[in-house]
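Q: from the sequence below, what's the structure:
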Amino acid sequence: MIKVKGNQRKLLSDIKQTAAKGTAAGHWQESERSRGREVHRTLDLFAASAEARARWPGALGN
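A: Reported below is the predicted structural model:
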């Protein structure tokens, strides 16, 4: 899992394309309440395409 910032435009674009084309391989969700604030986090996991793995070494595929 990686967090991608907006200044990584090409990587972020590749991730968005992968998510738009495929079905999530996994899903994770958590909620937390702290100091009067409620936070919900959701994560969908996608396998990296062959193209993405070639461009971004270390990305996990199928």
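
Q: what lies in contact with the helix-or-strand element of the chain with minimal mean pLDDT?
A: Using mean pLDDT, DSSP states H and E, the weakest-scoring helix or strand in the chain turns out to be helix 50-55, at a mean of 80. The contact list for helix 50-55 (C-beta atoms under 8 Å, 6 or more residues apart in numbering) reads 10, 14-15, 18, 59-61. Bear in mind the C-beta positions are built from the backbone N, C-alpha and C, glycine included.

Q: with stretch 41-48 instead?
A: Residues from elsewhere that reach stretch 41-48 (C-beta under 8 Å, 6+ apart): 1, 15, 18-19, 22, 24-32, 56, 59-62.

Q: residues in contact with the nearest residue to residue 39 once chain neighbours are set aside?
A: The spatially closest residue to residue 39, leaving aside those adjacent along the chain, is residue 32, at 5.0 Å (C-beta to C-beta, 6 or more residues apart in numbering). For residue 32, the set of contacting residues under the criterion of C-beta under 8 Å, 6+ apart consists of 38-39, 41.
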